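S.K.: show me the folded form of this:
(one chain, ligands or ions: 2)
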Amino acid sequence: MSKPKKDNSVDCIFCAIAEHLVPASIRYEDDEIIAFDDINPSTPIHVLVIPKKHWASLAEVPVSGEKLLGKLLYCCKLLAEELNIADSGYRVTINTGKWGGQIVPHLHLHLLGGAPLTERLSMYTEVKTKAEKS
Ligand code: 5GP
Ligand code: ZN
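M.R.: Ligands and ions are numbered 1, 2, ... in the order given. Okay, here's the model as predicted:
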């Protein structure tokens, strides 16, 4: 049986990638963070940048994580330069929680670019009550 580690969560796909237990196309790595290509890219360039320690979402980051959050964002900036999308422009998003559209419960930043991004950020789905649905 797999044992929970100090900073990592068992059964978390991104923790498994951070530990090199699951393969990924790695763009950057150090002792605190790792960046790899999204398996199902939404844009020609779609890199996920994550902390190696398991935080389920941005909402779960403690005050002690403030510096690491800055490092994750700065990594996106440097990767954008390396991948030649800094001049054309790009987007960094953090989906957070259910209504934020987060699927993988390990904090991750999406670095999206390589094409003009037209989708509006403020799109939302109406929440319907039971009465409205029937
Ligand atoms: P979310 O919707 O949680 O913000 O985004 C999760 C992202 O993780 C999705 O874009 C999805 O394609 C990506 N993803 C899910 N599983 C894997 C995986 O095993 N490997 C990689 N490289 N990306 C994954
Ligand atoms: Zn994790």
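S.K.: tell me which residue is most central in this protein.
M.R.: Centroid-nearest residue in the chain: H108, 2.1 Å away (criterion: C-alpha atoms, centre = their mean).
S.K.: quick check: that one touching V92?
M.R.: No - using C-beta atoms under 8 Å, H108 is not in contact with V92; the gap is 10.7 Å. (Glycine included, C-beta is placed from N, CA and C.)
S.K.: buried residues in stretch 43-53?
M.R.: Judged by neighbour count using 16 or more other C-beta atoms under 10 Å, the buried positions of stretch 43-53 are 43, 45-53.
S.K.: again with stretch 28-48
M.R.: 33-36, 38, 43, 45-48.
S.K.: what ranges do the helices span in the chain?
M.R.: 13-18, 66-82, 130-133 (DSSP state H).
S.K.: lowest average confidence across those, which one?
M.R.: When these are compared on mean pLDDT, helix 130-133 scores lowest, with a mean of 68.
S.K.: one step back: the residue nearest to the centre of the chain and H54: what is the separation?
M.R.: Using C-beta to C-beta, to the nearest Å, one obtains 11 Å as the distance from H108 to H54.
S.K.: what touches both of those two?
M.R.: F14 (C-beta atoms under 8 Å, 6 or more residues apart in numbering).
S.K.: G89 reaches L112, doesn't it?
M.R.: No - using C-beta under 8 Å, G89 is not in contact with L112; the gap is 10.2 Å.
S.K.: which one's more surrounded, these two?
M.R.: Each of G89 and L112 has its neighbours counted (other C-beta atoms under 10 Å); L112 has more, 23 against 10.
S.K.: dump the residue contacts of the more buried one.
M.R.: 42-43, 45-46, 90-93.
S.K.: from ligand 1, how far off is K77?
M.R.: 19 Å (C-beta to the nearest ligand atom, to the nearest Å).
S.K.: tell me how many other residues crowd that residue.
M.R.: 13.
S.K.: can I assume I85 is in contact with A115?
M.R.: No - I85 is not in contact with A115 according to C-beta under 8 Å; the separation is 9.3 Å.
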